[in-house]
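**Q** can't give you the sequence, but here's the structure:
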Ligand SMILES: NC(=O)c1ccc[n+]([C@@H]2O[C@H](COP(=O)([O-])OP(=O)(O)OC[C@H]3O[C@@H](n4cnc5c(N)ncnc54)[C@H](O)[C@@H]3O)[C@@H](O)[C@H]2O)c1
Ligand SMILES: [Zn+2]
């Protein structure tokens, strides 16, 4: 790929792992155009097509190219400019409003600090450490204590007057506690709650939800005449003299340490980080700075507002003056960036899971994306109303937020990235677990069976054809039994009485007797099916068969520790402890089943050889399919006509073979019944032995009886 960027549906989508390398002048020009467009959207409060990581990577690639080709630098390149050159304004700043340089590690920070100390020729003994608030910078002008004007950062030398937004900003009082004339600088952002409320208001008015809190704040602050109100919060992080500032105050603002000024700003009634869980702190050494950075970083996920790093400033005014300013950023302050916690990725599906109490919760399935050190593939979606409110669709590019250990969540779709191929999210009409109706009267949908949902689902599963095969015990009958309080677990099925069944609706003597007979027959099912019916997490039909054949008896299975369970093919060190724990939890039910006379052995299996006799383990009677991998396809006929695919697989395994569902070079035999299609063709192509159902039945001989 030319630039390390792949083009998906006509758009540049940054790859998550590689950092872009721009190969030629045209790739460079493309990159500049993409970055400029993204930055314009970003600073205007629209939805950028790029998340911050991708934007930063792109800018680094641009920088690298420009370093190699200094004569090719384009005038509109974002490098070296405040706001990447994407923001403008017509209200001049008295003192430039700059950006901040970044560091990303303790080493980089230490190197930066050493550089500043070298520049000023002395050690810095006071550092101010504060959260880097993830919003947008504004300058708030106060005249004689009254708030007169607020201005955006713009290109750093001039910004936009956004005074129309003053009413929606909390933490920036209309009147200060003292009648001072000065300029307060700081960040406007939306707290998580303000963001949620803003999106609610916006979508209620037919608008698209904002992708994240930062763009919501940027967009809302600039917008005029909106039909709905949103709230934002201001955090002061600087105070400077303005025109007509009294000389005594101006002197104080110019000479007092940053930490002290912040206390003053707070005392004037302006909101600062001091009012939060992550107050500004002044420390003396680089090590203490690192400690404080770690502390703030650890609190990040729980903060009710977004931060994207920690700002470290030389606290003393003399140090600041001696260090001075670059064109884009001051030399006495640095942003220690925390890993990005928001990434754009694709919503590929929605799953509906039923919780213990019957709550039916949607879960978003995502195209895997690396966020904050881990790969995210799922995110929470709160409830159907929430999905509707956010207007999410399958195939949407979505902004995903994850920090620390919190469960990843989707902020919103990046609506303008839609291609038109997005599909609506389909809401379930019946409980996805047990098939009962859904109570949709509240925001959180719930299965009508409530806490009994799992019981209904697990009993229906247990009675199914491939498990205990209890004829006459379909889902609606199970619901009846559960609702009547006759069964609370699987074992209760086996102690049902004729009287109990007769008392149920639609249960005549004949169906009662048939059901009782079917239950009686189920007691003789092989251990593999009993095990499967128990629904042990992490095991399905074929795994249950492997476990049963390996151990031969339920007692042997229950006696096995995690290590012993791992001897079963396909069970690794992650799965084995889960299985052991599940079985321990199921112990009372298993005891009840055994007491009711349910079979607990696997016919034909002898169990693992005692330790030290491994050699002799091979002396089990050889089955006709020993060592063979067998695939069954098409409809069975003759003696095998009534067998389900699962029963065929059981037969294969009882005969010593391994059942598989796909044909490969390793397949030993394919049993091809009527209508066998692609698997048969593939077997022919690969020269795999093909047999008819009749030939297969003959091969099995006695095992079929
Ligand atoms: N996704 C996109 O398309 C896109 C486009 C452009 C920029 N960006 C992102 O924006 C960032 C660069 O933007 P930038 O130059 O506007 O700002 P910055 O985030 O690099 O840092 C400077 C800003 O930090 C803010 N700040 C917060 N807390 C502060 C504190 N305590 N003290 C001082 N300043 C504080 C100020 O507003 C200041 O202007 C990058 O992270 C980049 O990824 C993203
Ligand atoms: Zn249910």
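**A** That came in fine, so what should we check first? It should be emphasised that the depicted structure is a prediction, and the values quoted were computed from it without experimental measurement. Ligands and ions are numbered 1, 2, ... in the order given.

**Q** From here on, just use CA atoms for contacts and neighbour counts.
**A** Will do.

**Q** and whatever helix or strand residue 259 lives in with ligand 1, contact?
**A** Using DSSP states H and E, residue 259 sits within helix 258-267. No: Helix 258-267 does not reach ligand 1 (Cα under 6 Å from any ligand atom); its nearest approach is 10.4 Å.

**Q** Any figure for the gap between residue 137 and residue 305?
**A** When Cα to Cα, to the nearest Å is applied, the distance between residue 137 and residue 305 equals 15 Å.

**Q** Look at the two and report which has more neighbours.
**A** Counting neighbours by other Cα atoms under 10 Å for residue 137 and for residue 305 shows that residue 137 has the greater number, 24 against 21.

**Q** Residues of the stretch 51-200 of the chain that sit close to ligand 1?
**A** Proximity of the stretch 51-200 of the chain to ligand 1, by Cα under 6 Å from any ligand atom, involves residues 51-53, 55-56, 82-83, 98-100, 130-134, 136-137, 187.

**Q** what about the closest residue to ligand 1 within the stretch 601-705 of the chain, which SS state?
**A** Using Cα to the nearest ligand atom, the closest approach of the stretch 601-705 of the chain to ligand 1 is made by residue 662 at 45.0 Å. For residue 662, the assignment made with DSSP: H, G, I helix; E, B strand; the rest coil gives coil.

**Q** Could you do the one 3 residues further on as well?
**A** Under the three-state scheme (three-state DSSP), the conformation of residue 665 reads as coil.

**Q** Who are the contact partners of it?
**A** With contacts taken as Cα atoms under 8 Å, 6 or more residues apart in numbering, residue 665 has the following neighbours: 686, 688.

**Q** Which pLDDT value belongs to it?
**A** At residue 665 the predicted local distance difference test score is 90.

**Q** now do residue 50
**A** In this model, residue 50 carries a pLDDT of 92.

**Q** tell me which element residue 690 is part of?
**A** Residue 690 belongs to strand 689-691 when elements are defined using DSSP H and E.

**Q** list the helices and strands that strand packs on?
**A** Using 3 or more Cα pairs under 8 Å, 6 or more residues apart in numbering; DSSP states H and E as the contact criterion, the neighbours of strand 689-691 among helices and strands are strand 669-672, helix 678-686.

**Q** Show me what counts as buried in the longest one.
**A** Spelled out, it's helix 678-686. 679, 680, 682, 683 (16 or more other Cα atoms under 10 Å).

**Q** wouldn't the last one be in contact with residue 677 here?
**A** By that I understand residue 683. No: Residue 683 is beyond contact range of residue 677, at 10.2 Å (criterion: Cα atoms under 8 Å).

**Q** Now the residue of the chain most remote from its centre, what are its backbone angles?
**A** Going by Cα atoms, centre = their mean, the residue of the chain most distant from its centre is residue 247, 54.5 Å out. Backbone torsions for residue 247, taken as degrees, to the nearest 10, come to phi -60, psi -40.

**Q** Could you check how far it is from residue 516?
**A** Counting by Cα to Cα, the gap between residue 247 and residue 516 amounts to 98 Å.

**Q** Quick check: residues of this protein near ligand 2?
**A** Residues of the chain lying close to ligand 2 (Cα under 5 Å from the ion) are 431, 433, 434, 447, 453.

**Q** Out of the residues you listed, which sit inside helices?
**A** Where these overlap with helices, as defined by DSSP state H, the overlap consists of residue 453.

**Q** okay if I get the residues of the chain next to ligand 2 as TSV plus neighbour count and distance to ligand 1?
**A** Rendered in TSV, the data for the residues of the chain next to ligand 2 read as follows (neighbours: other Cα atoms under 10 Å; distance: Cα to the nearest ligand atom, whole Å):
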residue	neighbour count	distance to ligand 1
431	24	40
433	19	40
434	26	44
447	26	41
453	27	44
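
**Q** Narrow the residues of the chain next to ligand 2 to those in strands?
**A** residue 447 (DSSP state E).

**Q** Closest one of the residues of the chain next to ligand 2 to residue 172?
**A** Ranked by distance to residue 172 (Cα to Cα), the residues of the chain next to ligand 2 are led by residue 447 at 47.6 Å.

**Q** Run through the bridge partners of the closest one.
**A** Using DSSP bridges, the bridge partners assigned to residue 447 are residue 438.

**Q** returning to what we had before: just the buried members of the residues of the stretch 51-200 of the chain next to ligand 1?
**A** Neighbour counting with 16+ other Cα under 10 Å marks 51-53, 55, 82-83, 98-100, 130-134, 136-137, 187 as buried within those.

**Q** Provide the count of other residues in contact range of the residue of the stretch 451-600 of the chain found nearest ligand 1.
**A** When you check the stretch 451-600 of the chain against ligand 1 by Cα to the nearest ligand atom, the closest residue turns out to be residue 574, at 38.2 Å. Summarising burial for residue 574: neighbours were counted as other Cα under 10 Å, giving 10.

**Q** tell me the contacts of the closest residue to ligand 2 within the stretch 601-705 of the chain?
**A** Nearest to ligand 2 in the stretch 601-705 of the chain, going by Cα to the ion, is residue 646, at a distance of 25.7 Å. Under the criterion of Cα under 8 Å, 6+ apart, the contact partners of residue 646 comprise 466, 541.

**Q** next one: residue 359
**A** Contact partners of residue 359, counting by Cα under 8 Å, 6+ apart, are 444, 445, 446, 447, 450.

**Q** Contacts only, for the last one.
**A** Neighbour list for residue 450: 357, 358, 359 [criterion: Cα under 8 Å, 6+ apart].

**Q** what do you get for the third one?
**A** Applying Cα under 8 Å, 6+ apart, one finds that residue 446 lies in contact with 358, 359, 360, 438, 439, 440.

**Q** From residue 444, how far off is the fourth one?
**A** Taking Cα to Cα as the measure, residue 438 and residue 444 are separated by 10 Å.

**Q** So which of the two has more stuff around it?
**A** When residue 438 and residue 444 are compared for neighbours, residue 438 comes out ahead with 20 against 16, by other Cα under 10 Å.

**Q** and the closest residue to ligand 2 within the stretch 301-450 of the chain, what are its phi and psi?
**A** Among the residues of the stretch 301-450 of the chain, residue 434 lies nearest to ligand 2; the distance is 4.0 Å by Cα to the ion. Geometry field for residue 434 lists phi and psi as phi -120, psi -10, criterion degrees, to the nearest 10.

**Q** Skipping adjacent residues, who's closest to it in space?
**A** Setting aside the residues directly before and after it, residue 434 is nearest to residue 457 in space (Cα to Cα, 6 or more residues apart in numbering), at 4.5 Å.

**Q** now swap in residue 100 and tell me
**A** Taking Cα to Cα, 6+ apart as the measure, residue 100 lies nearest to residue 329, with 4.9 Å between them; neighbours along the chain are not counted.

**Q** Hmm, residue 99 and that neighbour touching each other?
**A** Yes: when contacts are counted by Cα under 8 Å, residue 329 is listed as touching residue 99 (4.9 Å).

**Q** Are we agreed that residue 130 is in a strand?
**A** Yes: with three-state DSSP as the criterion, residue 130 is assigned to a strand.

**Q** That one is in contact with residue 276, isn't it?
**A** No: distance between residue 130 and residue 276: 10.9 Å, which falls outside the contact criterion (Cα under 8 Å).
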